[in-house]
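Asks: sequence and computational prediction follow.
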Amino acid sequence: MGRFLFIDVVIALALLGAWYFWFASYNRRRGAWALRWVANACAGKARVLEAEWMGSGLLRARLRFPAHWFENACVTVRLLPRPLPLRWAVCLWRKQKETLTFEADLDYAPGFHLDVVRHRWVTRSKKSPLAKSKREWTLSRPGPIVLTTQAKWTHELTPLVNSLMTARGHNLISVRFRPESPHFAASVPLEALTDQEVASGFLGVLRELAAGASTQQT
């Protein structure tokens, strides 16, 4: 019996090892694809320098931009921990997304802290009480709604928030500005990178938002 138990353990370890190496290789291919996407999005404006894997699900790479664009720029690709089954299951249960985060310093450090997290709720019910009602309802489409923790809203933030609301990068899930390095960070879900519109406008959106913060210093 002990012999069969030993064989079962060896088989289990072999399966886990095969799982790990297969999905580690998959994550590396997916990370390389994300960097190629960044290189294409920045074609003619920047180039990707050395890339470094920090585990099986985290890839960081430095970017070099022309002067007065971005300084100390880098991208971080966060992938699901597929090589680790339990951690992967937890991430799926929590509905975590794979993301690409761009970070850089600006010519002028922002004089404020601003963290913007964009959420959208879409509801649809097949058994809507409105459909059964004979009343005539007037539906309106509201504009952007901003929820802020700022006790006092300063006028310097208004142009920046307006730029964010009207930016073409509607798939951005978070944007951050702060006086410390890195001054600027923006994250986009990795699944959105297959959208050609997002790819073509990605760098433009980053420049737009960075310019909005820099104008507050001029």
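Replies: Arrived safely.
Asks: max-length helix in this protein?
Replies: The longest helix of the chain (DSSP state H) is helix 2-41.
Asks: just want the angle from the helix or strand just after it to helix 2-41.
Replies: Counting by DSSP states H and E, the next helix or strand C-terminal to helix 2-41 is strand 47-53. Angle, strand 47-53 to helix 2-41, by axes from the mean of the first three to the mean of the last three Cα atoms, to 10 degrees: 170 degrees.
Asks: okay, and the helix or strand of the protein with the least pLDDT?
Replies: For the chain, using mean pLDDT, DSSP states H and E, the weakest element among its helices and strands is helix 129-132, scoring a mean of 51.
Asks: any idea how far Ala67 is from Ala46?
Replies: For Ala67, the distance to Ala46 (Cβ to Cβ, to the nearest Å) stands at 12 Å. In this view, the C-beta of every residue, glycine as well, is placed from N, C-alpha and C.
Asks: just to revisit the earlier point, list the buried ones in the longest helix of the chain?
Replies: By neighbour count on 16 or more other Cβ atoms under 10 Å, the buried set for helix 2-41 is Phe23, Ala24, Asn27, Arg30, Gly31, Ala34, Leu35, Trp37, Val38, Ala41.
Asks: ok, stretch 203-212 next?
Replies: Neighbour-count burial for stretch 203-212, counted by 16+ other Cβ under 10 Å, picks out Leu203, Val205, Leu206, Glu208, Leu209, Ala210, Gly212.
Asks: got it, and stretch 76-93?
Replies: Within stretch 76-93, the residues scored as buried using 16+ other Cβ under 10 Å are Thr76, Val77, Arg78, Leu79, Leu80, Pro81, Arg82, Pro83, Leu84, Trp88, Cys91.
Asks: the fourth one against Lys97, yeah?
Replies: No - the criterion here is Cβ atoms under 8 Å, and Leu79 misses it with Lys97 at 10.3 Å.
Asks: which residues do the two both contact?
Replies: Counting by Cβ atoms under 8 Å, 6 or more residues apart in numbering, the shared contacts of Leu79 and Lys97 are Leu190.
Asks: so which residues of this protein form strands?
Replies: 47-53, 58-64, 71-78, 99-105, 114-117, 174-177, 184-189 (DSSP state E).
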